[in-house]
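A.B. asks: Quick one, what's the 3D model for this:
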Amino acid sequence: MPLHAGYKFYRFDVNVVLTDAPGVLNYLVGLVGGQAPLASHTINLPARNEPWRWIFYSCNGFHDDNAEAKYGGIGHLWSDVHRRHQQLRYHLQVGGGDQLYCDHVFELPTLKPWLSIADKHVRAKEPFTPKMLQEAEQFYFGHYAKHFMDAAFAPALASIPYIFSWDDHDVFDGWGSYPDYLQKSAVFQGLFAVARRFYLLFQQHCRYDNAKTISNTLGEYSYHQVRCIGPNAVLLSPDTRSERTIHQVVPPPSWDMLLSEVNRRLAARPGAVQHVLVLLPVPIVYPKIPVSEKALAGIAGMMGSSQAMKNAILGLTAGTDGTISQFNEPDLLDDLRDHWTSTDHMQEREMLVRKLQAISASHSVRVTFLSGDVHVGAFGCFQAHPKQHIRVIDPKFMLQVVSSGMGNEPPPGGVINLLETSSVATTIMGDTLDKMIKAFPGKLKGARNYCEVVPLLAQHTCHDTGAHQPPGGIAFTLRVEAGPPGKPTGVETFTQVAPVLLAGPRAAEGQQYASSVGPLKAKATGVLGQVASVLPGQSGKQLEQGMKVLGHKLGNFLSHV
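C.D. replies: Now for the predicted structure:
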């Protein structure tokens, strides 16, 4: 492995043969000559046929120093992880992006003058100088070394094996969702190359030229991953940053390659894999931000048309902190373009869901999405429309788990309330409905959190329907920090289950569970829905169904705003 600033990177590959009983792997690490003392660590090993217990998290850092000081760092939830690890013996941790925040890179001395260039086209043509390269390398290396040696984080890295993907803050805020003139500028491309180098070294333990051979990543210019995580689950982790633009998240050939690899693995072990976990750092089911993307894009265009227009717009928005970013772009625009509900990403979103539905139905596997990015805890789902009576026989039911952030602070309460208000179920895919699940009792939990993932080895009851569910499901429990910032009082828990799928090749098994549940109880839909629920007979049913249809139409409309 390479040298940097006198430091050498080492990689040790360890192969372990699992047995019929759980075990442990003890190892020692030190440096010859006493430069670093020997340190002892233990990794818990599952039994050969034992489904794994693991955690998922994202946003393991802070966007600014004030937030870090307010919360006292990342230590509280990591302390809870260590306590739970002693009890449950986790086999894996999955990091869903933003393992650290590199937004401060633009405070480097050589980059401040670049930001101060008023004309964006002139700024875009500026070179990425050797001095910029030197400062950027030292920044990313130093930030990684400090963060990965954090007293709360480092023990978890040493004792719980990990799979990491990356998101924008592993590069810098918004990477991949800026206009072409910025994305293709020499400075942006130079910073990305440096961020990629240290992402691969610290998070994937490889270099860009050997990632395929020693870390088994997939892709020519990206670092996609397909991993087996236990005997009955496969993790699909597309690299959604390396080739991202405002028009695409992942190029079509990469999607074809990844989904073909998933199909290949499932076909090689028919019936063995019951779950496909899809790691998308940005949630694919989430409330649409109630701001017009077209309007902000128009503002961006007007700002670029002339200095006078830019000055006029800046004058109109003066006093609104954060309206214009450091790149002289509308600050919210990169966030809107980052989301799957962006106009430019909606077709790609439907394509991905449709292909995963086909995989689910043909192989009898349950698909679940894991995401972070948005600094709240949440659950959502895709499901058949009209709704199936029970989830266990619905191949379109795909749970969305949102766990964010392990470190960074949640949005202000007003933003969460706005998102709650805009959260409406949609049926823009016709036979598929997507919605957020009211689990907290609201739909979004504005507090730091991580997700504990535990297999369900016995038959259980569906919380929503009361239906019996077969063994083999997975419980996703958000462990949410309670108490005011910096003064936590404990942890709250909220759980949703992804059941096994008894459809397609396993349809016959599903019949006994389909017959074990009666008609679903009607749920109220807002004020009029509650009125409908108490009206007698057909009148109440018609009103309630009408309110649902109206709600779906409203959601479909908002998704195109």
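A.B. asks: quick one: low-confidence ranges for the stretch 451-561 of the chain?
C.D. replies: Flagging of the stretch 451-561 of the chain using pLDDT under 70 yields the residue ranges 464-465, 515-561.
A.B. asks: quick one: the helices in it?
C.D. replies: Taking DSSP state H, counting those that start in this stretch as the test, the helices found in the stretch 451-561 of the chain are 507-514, 526-534, 537-558.
A.B. asks: Equivalent analysis for the stretch 101-250 of the chain, please.
C.D. replies: Using DSSP H, counting those that start in this stretch, the helices found in the stretch 101-250 of the chain span residues 112-115, 120-124, 130-148, 154-159, 180-183, 186-199, 211-215.
A.B. asks: okay, the ones you listed, which one's buried deepest?
C.D. replies: Most buried of the helices of the stretch 101-250 of the chain, by mean neighbour count (mean count of other Cβ atoms under 10 Å): helix 186-199, with a mean of 19. For every residue, glycine as well, the C-beta is placed using N, CA and C.
A.B. asks: could you say what helices and strands it packs with?
C.D. replies: helix 130-148 (3 or more Cβ pairs under 8 Å, 6 or more residues apart in numbering; DSSP states H and E).
A.B. asks: So which elements touch the helix it packs on?
C.D. replies: helix 186-199.
A.B. asks: what mean pLDDT does the helix it packs on have?
C.D. replies: For helix 186-199, the mean pLDDT works out to 98.
A.B. asks: Please apply the same query to stretch 232-249.
C.D. replies: Mean predicted confidence for stretch 232-249 is 97.
A.B. asks: Please state the offset of stretch 373-391 from the chain centre?
C.D. replies: Mean-position distance between stretch 373-391 and its chain equals 15 Å (Cα atoms, centre = their mean, to the nearest Å).
A.B. asks: Can you get me the start-to-end distance on that stretch?
C.D. replies: Criterion Cα to Cα, to the nearest Å; first-to-last residue distance in stretch 373-391 is 27 Å.
A.B. asks: Give me the buried positions along that stretch.
C.D. replies: Residues 373-385, 388-391 are the ones in stretch 373-391 that count as buried (16 or more other Cβ atoms under 10 Å).
A.B. asks: so who does P410 touch?
C.D. replies: H375, V376, I416, G446, A447, R448 (Cβ atoms under 8 Å, 6 or more residues apart in numbering).
A.B. asks: again, only using 7 Å
C.D. replies: P410 is in contact with H375, V376, G446, A447, R448, counting by Cβ atoms under 7 Å, 6 or more residues apart in numbering.
A.B. asks: One more: A503?
C.D. replies: Shown in contact with A503 (Cβ under 7 Å, 6+ apart): A361, S364, I393, P395, G510.
A.B. asks: coming back round to it: out of the helices of the stretch 101-250 of the chain, the one nearest Y90 is which?
C.D. replies: Set against Y90 and scored by Cβ to Cβ, the helices of the stretch 101-250 of the chain come closest in helix 154-159, at 8.8 Å.
A.B. asks: Go ahead and produce CSV holding the CA coordinates of the closest one.
C.D. replies: Extracted in CSV, the C-alpha atoms of helix 154-159 (Å, rounded to 0.1, in the frame of the first residue of the first chain):
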residue,chain,number,x,y,z
ALA,A,154,-12.1,3.6,16.7
PRO,A,155,-13.0,0.6,19.0
ALA,A,156,-16.0,-0.2,16.8
LEU,A,157,-13.8,-0.1,13.7
ALA,A,158,-11.4,-2.6,15.4
SER,A,159,-14.1,-5.0,16.7
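A.B. asks: Can you give the contact residues for it?
C.D. replies: If you take Cβ under 7 Å, 6+ apart as the criterion, helix 154-159 is touched by H41, T42, I43, W78, V81, H82, Q93, F148.
A.B. asks: please redo it, this time with the cut-off set to 6 Å
C.D. replies: Residues from elsewhere that reach helix 154-159 (Cβ atoms under 6 Å, 6 or more residues apart in numbering): H41.
A.B. asks: List the contacts of L277.
C.D. replies: Here L277 is in contact with L235, T368, L370 (criterion: Cβ under 6 Å, 6+ apart).
A.B. asks: Tell me if I'm right that the first one and Q225 touch.
C.D. replies: No - judged on Cβ atoms under 6 Å, L235 makes no contact with Q225 at a distance of 7.3 Å.
A.B. asks: Just the strands from the stretch 201-350 of the chain, written as ranges.
C.D. replies: Applying DSSP state E, counting those that start in this stretch to the stretch 201-350 of the chain gives strands spanning 225-228, 233-237, 275-279.
A.B. asks: Compare those and give me the one nearest K487.
C.D. replies: In terms of Cβ to Cβ, the element of the strands of the stretch 201-350 of the chain nearest to K487 is strand 275-279, at 32.4 Å.
A.B. asks: Sheet-wise, list the partners of that closest one with their directions.
C.D. replies: strand 233-237 (parallel), strand 366-371 (parallel) (DSSP bridges).
A.B. asks: which of the ones you listed sits most buried?
C.D. replies: Ranked by mean neighbour count, the strands paired with strand 275-279 are led by strand 366-371 with a mean of 25 (mean count of other Cβ under 10 Å).
A.B. asks: Figure out how far that one is from the centre of its chain.
C.D. replies: The mean C-alpha position of strand 366-371 is separated from the chain mean by 10 Å, Cα atoms, centre = their mean.
A.B. asks: so what secondary structure elements neighbour the helix or strand following that strand?
C.D. replies: For strand 366-371, the succeeding helix or strand toward the C-terminus, using DSSP states H and E, is strand 377-384. When contacts are defined as 3 or more Cβ pairs under 6 Å, 6 or more residues apart in numbering; DSSP states H and E, strand 377-384 packs onto strand 398-402, strand 432-436.
A.B. asks: Look at L418 and give its secondary structure.
C.D. replies: Following DSSP: H, G, I helix; E, B strand; the rest coil, we place L418 in the helix state.
A.B. asks: Next one, pLDDT for it please.
C.D. replies: L418 carries a pLDDT value of 90.
A.B. asks: Contact partners for it?
C.D. replies: Contact analysis of L418 by Cβ under 6 Å, 6+ apart lists nothing.
A.B. asks: Start the count at 885 instead of 1 going forward.
C.D. replies: Renumbered: residue one is now 885, and that last one reads L1302.
A.B. asks: where's the residue lying closest to P1389 once chain neighbours are set aside relative to I939, distance?
C.D. replies: Setting aside the residues directly before and after it, P1389 is nearest to S1248 in space (Cβ to Cβ, 6 or more residues apart in numbering), at 4.8 Å. Distance, S1248 to I939, by Cβ to Cβ, to the nearest Å: 27 Å.
A.B. asks: Lovely, talk soon.
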